[in-house]
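Visitor: sequence unknown, structure follows:
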């Protein structure tokens, strides 16, 4: 079945710098790759997603890139701000998923002032 | 706005008790999910349901059961609570009509003593 690995588990960056979180997946037929943000004490929420027919998608300071050949996708956050501090989860959809998502283990992003 | 609610934010139960966690969504979503969230382990799927009275096991179903008698309500049941079931439990729903986005409830922090 599908397996999603996420790295790093913790990432600490200076405010204003960029942050990159990477995920790899195993099922080449997966076709949807979302990123969720979970702030401390709050529920996970979708921040950006990409489908397999697109290589890159941007939304203001965040972007996601997908490399289908290598089976990996990445979240890029530019000009990081204190409110970006959170746990970020990637996910992928396996074939015959019944709309399940297979989740990465999460990355704790710390923005240093 | 999609609203997913869970019956309790905090719950303390004794070992051996039968525990019911309830989740309600108000957007007529087809799919509902129960996850367990532990530090460093990400979101682990316990059970999901893709229709009323339909359910499928996730990655960690042992010690749990579920019930979905109405479309908007999905219950997680711990038949005989144990201390290793102390965790954060998150419910989620998705529309199932071409959209994979999952909307999460606020979570229930369950402590079993």
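Guide: Done, it's in. As the structure is a computational prediction, the values presented were derived from the model and not from experiment. Residues are numbered from 1 along each chain as shown, chains lettered A, B, ... in the order given.

Visitor: How about the residues of chain A by chain B?
Guide: Listed as neighbours of chain B in chain A under the rule Cβ under 8 Å from any Cβ of the partner chain: A:6, A:9, A:32, A:34, A:42-46, A:49, A:89, A:93, A:98-101, A:103-106. C-beta coordinates here come from the backbone N, C-alpha and C atoms, glycine included.

Visitor: Which among those residues count as buried?
Guide: Buried subset of these (neighbour count, 16 or more other Cβ atoms under 10 Å in any protein chain shown): A:6, A:32, A:34, A:43-44, A:46, A:49, A:89, A:93, A:99-101, A:103-106.

Visitor: Could you tell me which of these belong to helices?
Guide: The helices, defined by DSSP state H, take in nothing from these.

Visitor: now, which of those residues lie within strands?
Guide: A:6, A:32, A:34, A:46, A:49, A:89, A:103 (DSSP state E).

Visitor: Quick one, which of the buried ones among the residues of chain A next to chain B has the minimum pLDDT?
Guide: Of all these, residue A:99 carries the smallest pLDDT score, 82.

Visitor: From residue B:49, how far out is that residue?
Guide: For residue A:99, the distance to residue B:49 (Cβ to Cβ, to the nearest Å) stands at 11 Å.

Visitor: Mind listing the shared neighbours of the two?
Guide: residue B:31 (Cβ atoms under 8 Å, 6 or more residues apart in numbering or on different chains).

Visitor: how many neighbours does residue B:102 have?
Guide: 29 (other Cβ atoms under 10 Å in any protein chain shown).

Visitor: where along the chain do the strands fall?
Guide: Here I'm looking at chain A. A:4-7, A:10-14, A:19-25, A:32-38, A:45-51, A:56-59, A:62-67, A:72-77, A:86-92, A:102-103, A:107-112.

Visitor: To clarify, I was referring to chain B.
Guide: Going by DSSP E, chain B shows strands at B:4-6, B:10-13, B:19-25, B:31-38, B:42-51, B:54-57, B:64-70, B:73-78, B:87-94, B:103-104, B:108-112.
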